[in-house]
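Novice: I'd like to go over a predicted model; first the sequence, then the structure.
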Amino acid sequence: MLKASALLEGCGAAVKPIALRMVSNVAKSIPNAQIFGLGEVVSWYDAMEYLMVEVKAVQVVTGVIWYGMGVIDNLIEGTTRFLKENGYGSVQEVIGKALSMIIARSTLSSENGAVCGY
């Protein structure tokens, strides 16, 4: 499996959006890539974010280190609840769901109502 966010491992929550962007870039560039997501996964929500940008598996180390093995219960219960509440039958149905919504920053402009940086 490809570790798209390996360079960012252990860098903290501030870097997770960059890791998610890197994963989405790889997923868009290499269709059907087997991508492994890692970096700042401490809850079911974090795992779901990685899954939604096309990872096929999520590594949970930070959460276990910080919160102990109880984080596994959070992953199971939260994921199960999310799937049920949103009408998904399995985790496979979530993989890549947000990928088409991630756009290049260069496509944003203040003319179309988007807020841009520098």
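Specialist: Done, it's in. Residues are numbered from 1 along each chain as shown.

Novice: To what extent is Tyr50 buried, counted in neighbours?
Specialist: By other CB atoms under 10 Å, 27 other residues sit near Tyr50. No exception for glycine: its C-beta is placed from N, CA and C like everyone else's.

Novice: dump the residue contacts of it.
Specialist: 20, 23, 37, 41, 58 (CB atoms under 8 Å, 6 or more residues apart in numbering).

Novice: If we use 10 Å, what do you get?
Specialist: The neighbours of Tyr50, taking CB atoms under 10 Å, 6 or more residues apart in numbering as the test, are 4-5, 16, 19-20, 23, 35-41, 56-59, 95.

Novice: wait, Val53 sits on Ala33?
Specialist: No. Counting by CB atoms under 10 Å, Val53 does not reach Ala33; the two are 11.7 Å apart.

Novice: between those two, who's got more neighbours?
Specialist: Val53 (26 against 17).

Novice: helices or strands next to the strand or helix carrying Leu83 in the packing?
Specialist: Element membership for Leu83 (DSSP states H and E) is helix 70-85. Contacts defined by 3 or more CB pairs under 10 Å, 6 or more residues apart in numbering; DSSP states H and E place helix 70-85 against helix 44-52, helix 62-67.

Novice: mind redoing it with 7 Å?
Specialist: Contacts defined by 3 or more CB pairs under 7 Å, 6 or more residues apart in numbering; DSSP states H and E place helix 70-85 against helix 44-52.

Novice: Name the nearest residue to Trp44, sequence neighbours excluded.
Specialist: Nearest residue to Trp44, sequence neighbours excluded (CB to CB, 6 or more residues apart in numbering): Gly78, at 2.7 Å.

Novice: cool, Ala27 as well?
Specialist: Using CB to CB, 6+ apart, the closest residue to Ala27 is Glu54 (3.5 Å).

Novice: so Val58 sits right up against Met48, yeah?
Specialist: No. Using CB atoms under 7 Å as the test, Val58 is too far from Met48 to be in contact (8.8 Å).
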